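>>> next comes the sequence, and after it the predicted model I'd like to discuss.
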Amino acid sequence: MDGNDQIFPLAFGVGDSETNEAWEWFLSRLHKAVGEVDDLVIVSDRKGSITTGVEKVFPNLFHSACAVHLEQKMVGHYGSNKELKQYFRRATRVYRESQYLQRMEQSAHINPEAAQYVTDVWIERWARAYSPRKKELPITRVIDYIRGILQRWFHDRHTAALKLTTQLTTAADVAIGVKDEEARYMWVYPITFYTFNVKVGGLDGGLDGNVDLTTKTCTCKEFDVDQLPCAHALTCIRLRGFSFVDYCSSYYSIAFLATAYNVKIHPVRQPIEGLVPEDIA
Ligand SMILES: [Zn+2]
């Protein structure tokens with residue numbers, strides 16, 4: 001994802017089908033392009049051939065399941081239930097284990113089998129149940145279609161980023177606004193100049209947080225994971241009169257976003273003999 005909560009296109013490949021060989025080929029090319037990256041996470045539907053490829057090519061990274069695919073699978077097996085989907089979505093978004101367990105318990109009250117199914121997904125290798133039949137298209141048309149989409153995305157997002165007058169991306173600004181609202185019901189108890197205990201009014205203490213502004217961390221984990229101040233941290237930043245922008249990762253800055261999309265996507269040309277590397281041809 002980019003700093004504005006949009007998918008950033010990194011690479012794409014076309015294979016005959018989703019076989020072990022096709023995924024291993026794509027992932028090995030991806031590995032060659034991005035190299036070794038700390039804290040890299042791959043998110044997929046965890047289909048068997050992707051998992052096999054990831055284990056071979058990126059043995060040390062965290063391979064996470066895509067929540068959207070998982071929800072679709074759950075609905076496919078157990079039927080659509082608005083409340084169940086809401087609890088599941090919340091469970092995928094919370095940071096604390098206690099909150100996750102609470103949401104999953106609520107899901108289990110509605111449909112215990114469905115809740116167990118999403119819990120077990122880490123060990124299950126389920127097959128794709130409803131794959132639409134693929135339409136045959138000449139490969140150059142497929143590539144050019146994808147290229148056209150990327151050209152539009154890069155142009156539109158680069159232009160939009162240049163027009164913004166804020167320091168942070170729109171998505172980061174909205175997220176900070178929501179946290180600011182939560183922060184209205186919090187009380188700060190300083191421990192040192194940069195460390196604080198933040199209490200949430202009217203609750204039993206389960207949502208309190210201990211903030212350390214020097215390490216940009218909070219016991220709620222939100223500050224650490226998102227690298228954007230959580231509501232606890234915002235109250236402390238305001239108390240000290242600091243700028244919250246200084247506590248957001250540069251990843252959320254407009255300058256970073258504009259640079260990420262400042263790439264020219266060229267039209268597809270006919271391959272010129274001798275210019276295509278052997279391992280790609
Ligand atoms: Zn926090």
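Cool, got the structure.
>>> how far does the lowest-mean-pLDDT helix or strand in the chain sit from the chain's center?
Across the helices and strands of the chain, mean confidence by mean pLDDT, DSSP states H and E is lowest for strand 62-65: a mean of 79. Here strand 62-65 is found 11 Å from its chain centre; the criterion is Cα atoms, centre = their mean, to the nearest Å.
>>> repeat that for stretch 215-234.
17 Å.
>>> only C-alpha atoms, please: export it in PDB.
Presented in PDB, the C-alpha positions along stretch 215-234 are these (Å, rounded to 0.1, in the frame of the first residue of the first chain):
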ATOM      1  CA  THR A 215      10.900   5.500  20.500                       C
ATOM      2  CA  LYS A 216       7.500   6.400  18.900                       C
ATOM      3  CA  THR A 217       5.800   3.400  20.600                       C
ATOM      4  CA  CYS A 218       2.600   2.800  22.600                       C
ATOM      5  CA  THR A 219       1.500  -0.300  24.400                       C
ATOM      6  CA  CYS A 220      -1.700  -0.300  22.200                       C
ATOM      7  CA  LYS A 221       0.700  -1.300  19.300                       C
ATOM      8  CA  GLU A 222      -1.000   1.100  16.900                       C
ATOM      9  CA  PHE A 223       1.800   3.700  17.000                       C
ATOM     10  CA  ASP A 224       4.400   1.000  16.400                       C
ATOM     11  CA  VAL A 225       2.600  -0.900  13.600                       C
ATOM     12  CA  ASP A 226       1.200   2.000  11.600                       C
ATOM     13  CA  GLN A 227       4.000   4.500  12.300                       C
ATOM     14  CA  LEU A 228       1.300   7.100  12.700                       C
ATOM     15  CA  PRO A 229       0.500   8.400  16.300                       C
ATOM     16  CA  CYS A 230      -2.300   6.500  18.000                       C
ATOM     17  CA  ALA A 231      -4.900   8.500  20.000                       C
ATOM     18  CA  HIS A 232      -2.900   8.000  23.200                       C
ATOM     19  CA  ALA A 233       0.200   9.500  21.500                       C
ATOM     20  CA  LEU A 234      -1.700  12.400  20.000                       C
END
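>>> ok, back up a step: the least confident helix or strand of the chain pairs with which strands?
If you go by DSSP bridges, strand 62-65 pairs up with strand 41-44 (parallel).
>>> what is the end-to-end distance of stretch 104-117?
End-to-end distance for stretch 104-117: 11 Å, by Cα to Cα, to the nearest Å.
>>> again but with stretch 59-66, I slipped
Stretch 59-66 end-to-end distance (Cα to Cα) = 19 Å.
>>> now that stretch: buried residues?
Neighbour counts using 16 or more other Cβ atoms under 10 Å place 61, 63, 65 of stretch 59-66 among the buried residues. For glycine as for every other residue, the C-beta is placed from the backbone atoms N, C-alpha and C.
>>> also stretch 209-222?
Judged by neighbour count (16+ other Cβ under 10 Å), stretch 209-222 contains these buried residues: 209, 211-213, 216-220, 222.
>>> just those that are near the ion?
Subset of the buried residues of stretch 209-222 in contact with the ion: 209, 218, 220, counting by Cβ under 5 Å from the ion.
>>> and of the buried residues of stretch 59-66, the nearest to the ion?
residue 65 (25.6 Å; Cβ to the ion).
>>> and residue 23, how many neighbours?
Look at residue 23: counted by other Cβ atoms under 10 Å, it has 23 neighbours.
>>> correction: the previous question concerned residue 257.
Residue 257 has 27 nearby residues by other Cβ under 10 Å.
>>> could I get the buried residues of stretch 209-222 as a markdown table with secondary structure and pLDDT?
Conversion of the buried residues of stretch 209-222 to a markdown table gives the following (DSSP: H, G, I helix; E, B strand; the rest coil; pLDDT from 0 to 100):
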| residue | secondary structure | pLDDT |
| --- | --- | --- |
| 209 | strand | 93 |
| 211 | strand | 97 |
| 212 | strand | 97 |
| 213 | coil | 97 |
| 216 | coil | 96 |
| 217 | strand | 95 |
| 218 | strand | 95 |
| 219 | coil | 93 |
| 220 | coil | 91 |
| 222 | helix | 91 |
